[in-house]
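Asks: requesting a structural model of the entry that follows:
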Amino acid sequence: MYAIVDIAGQQFKVSKNDTIFVNRLQNQEGESVDFESVLLVQTDKKVNIGTPQVKGAKVTAKIISHLKGDKVIIFKKKRRKGYRVKNGFRPSLTQIQIEEITA
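Replies: Purely as a prediction, here's the structure:
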């Protein structure tokens, strides 16, 4: 069983006991979070596709930790002009573990 769920503006394919990294969530570590914007749910042989969301479906997850991701480098250059700018940042992420998918 798996589901496609919209979490913080991004879509993820999740199944039970998956651990994924998402954009930073406001909840505290150890809390349980429900995501109700489920776009697709696949059970044994049946696929439910939402229009745009599956009614009554939700995904429950537990927040494991808040952390910073790998550095993302932004490099801008205009050839033959001497213009070069190097910038970067580390995105703020939240690690969550999927506990339950309810269809």
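
Asks: can you give me the buried ones in the helix or strand of the chain with the lowest mean pLDDT?
Replies: Least confident helix or strand, the chain: strand 47-49 with a mean of 93, by mean pLDDT, DSSP states H and E. Buried residues in strand 47-49, counting neighbours by 16 or more other Cβ atoms under 10 Å, are found at Asn48. (C-beta placed from N, C-alpha, C; glycine too.)

Asks: what's the first helix or strand after that strand?
Replies: Using DSSP states H and E, the next helix or strand after strand 47-49 towards the C-terminus is strand 58-68.

Asks: show me the contact partners of the helix or strand that that next one is followed by.
Replies: Next in sequence after strand 58-68, counting helices and strands by DSSP H and E, comes strand 72-78. Under the criterion Cβ atoms under 8 Å, 6 or more residues apart in numbering, residues 83-91 lie in contact with strand 72-78.

Asks: nearest to Asn48 among these?
Replies: Nearest to Asn48 among the contacts of strand 72-78: Pro91, at 32.1 Å, using Cβ to Cβ.

Asks: burial check on the residue nearest to Ser15 when sequence neighbours are not counted, number of neighbours?
Replies: Setting aside the residues directly before and after it, Ser15 is nearest to Tyr2 in space (Cβ to Cβ, 6 or more residues apart in numbering), at 4.2 Å. When counting by other Cβ atoms under 10 Å, one arrives at 15 neighbours for Tyr2.

Asks: Tyr2 contacts Ile98, doesn't it?
Replies: No: applying Cβ atoms under 8 Å, one finds Tyr2 not in contact with Ile98, separated by 9.6 Å.

Asks: overlap in contacts, those two.
Replies: 14-15.

Asks: any idea which element Val14 lies in?
Replies: strand 10-15.
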